[in-house]
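> Make a model of this:
(chains A and B)
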Amino acid sequence: AQSVTQLDSQVPVFEEAPVELRCNYSSSVSVYLFWYVQYPNQGLQLLLKYLSGSTLVESINGFEAEFNKSQTSFHLRKPSVHISDTAEYFCAVTLGFQKLVFGTGTRLLVSP
Amino acid sequence: DVKVTQSSRYLVKRTGEKVFLECVQDMDHENMFWYRQDPGLGLRLIYFSYDVKMKEKGDIPEGYSVSREKKERFSLILESASTNQTSMYLCASSFQGTTGANVLTFGAGSRLTVL
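I've put the predicted structure just below:
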């Protein structure tokens, strides 16, 4: 069965610094990968997804993630974070037409 | 945009009470899901449904049941609430689509406290 590992439960960073949130998955077949974001007191929202094609995917607010099949990773990066990026970020995987399996989440704390 | 509405944002119930959590989506999605979110554990799937009157167990179905009588509505039922069911409950829906990938749209969540 597929699983997702987010090793960092919390990542503190200063505003305008770069950040990387790590995500590794385990699966022996092709997968679809997602990053969801949860702002305080809200439900989850899709941030970006990898289905096929280019291994680098981008979101509208400056985040990007790269699918690395050999390392079974899908790390999320942003070159310069804002206070408003403070949220919890969840990596998820599916084999398609099935339920999503989520990681345990990484709380990004951006301070001035 | 798809909207997923969870009727109650905050509930406080007593041990042994029957609890209903309601979820409605307005975009004719086939798939609906109930997740439970706990600190350090992420999201864990309780039940899901691919069609009306159809349900399948997720990873932690014990102590829960569901009902899907209409396509737009998916209810989570706690027959006899216990303190270990204190949690945030998230409903989600998705279109089946042709790519085979489920992109979920989530509701805002229902925070349940069982005393």
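> what's the next secondary structure element after the lowest-mean-pLDDT helix or strand in chain A?
Across the helices and strands of chain A, mean confidence by mean pLDDT, DSSP states H and E is lowest for strand A:56-58: a mean of 87. Per DSSP states H and E, the first helix or strand lying C-terminal to strand A:56-58 is strand A:64-68.
> Quick one: list the elements packing against the helix or strand just after that following strand.
Counting by DSSP H and E, the next helix or strand C-terminal to strand A:64-68 is strand A:73-78. Where contact means 3 or more CB pairs under 8 Å, 6 or more residues apart in numbering or on different chains; DSSP states H and E, strand A:73-78 is packed against strand A:19-21, strand A:24-26, strand A:32-38, strand A:44-50, strand A:64-68, strand A:87-94. (Each C-beta comes from the backbone N, C-alpha and C, glycine too.)
> Report the central residue of the chain.
As the question left the chain open, I've gone with chain A. residue A:35 (3.7 Å; CA atoms, centre = their mean).
> other chain: chain B
residue B:34 (2.5 Å).
> what's the burial count for residue B:96?
13 (other CB atoms under 10 Å in any protein chain shown).
> element containing the nearest residue to residue B:29 once chain neighbours are set aside?
Among residues not flanking residue B:29 along the chain, residue B:93 sits closest, at 4.0 Å (CB to CB, 6 or more residues apart in numbering or on different chains). When elements are assigned from DSSP H and E, residue B:93 belongs to strand B:87-94.
> Show me what that strand is packed against.
strand B:4-6, strand B:23-25, strand B:31-38, strand B:73-78, strand B:105-106, strand B:110-114.
> Which one of the ones you listed lies nearest to chain A?
Proximity to chain A (CB to the nearest CB) singles out strand B:105-106 among the helices and strands packed on strand B:87-94, at 3.7 Å.
> Quickly run through the sheet partners of the closest one, with directions.
strand B:87-94 (antiparallel) (DSSP bridges).
> re the thing from before, export the helices and strands packed on strand B:87-94 to JSON lines and append columns for mean pLDDT.
JSON lines is the format used below for those (pLDDT from 0 to 100):
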{"stretch": "strand B:4-6", "mean pLDDT": "95"}
{"stretch": "strand B:23-25", "mean pLDDT": "97"}
{"stretch": "strand B:31-38", "mean pLDDT": "94"}
{"stretch": "strand B:73-78", "mean pLDDT": "97"}
{"stretch": "strand B:105-106", "mean pLDDT": "92"}
{"stretch": "strand B:110-114", "mean pLDDT": "96"}
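> In a markdown table: the ones you listed, plus distance to residue A:91.
Shown next, in a markdown table, are these (distance: least, CB to CB, whole Å):
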| stretch | distance to residue A:91 |
| --- | --- |
| strand B:4-6 | 21 |
| strand B:23-25 | 24 |
| strand B:31-38 | 15 |
| strand B:73-78 | 25 |
| strand B:105-106 | 15 |
| strand B:110-114 | 23 |
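> closest one to residue A:14 among the ones you listed?
strand B:31-38 (27.9 Å; CB to CB).
> what about the closest one and chain A, any contact?
Yes. Contact of strand B:31-38 with chain A (CB under 8 Å from any CB of the partner chain) involves B:33, B:35.
> which is the next helix or strand following that strand?
Next in line after strand B:31-38, if elements are assigned by DSSP H and E, sits strand B:42-49.
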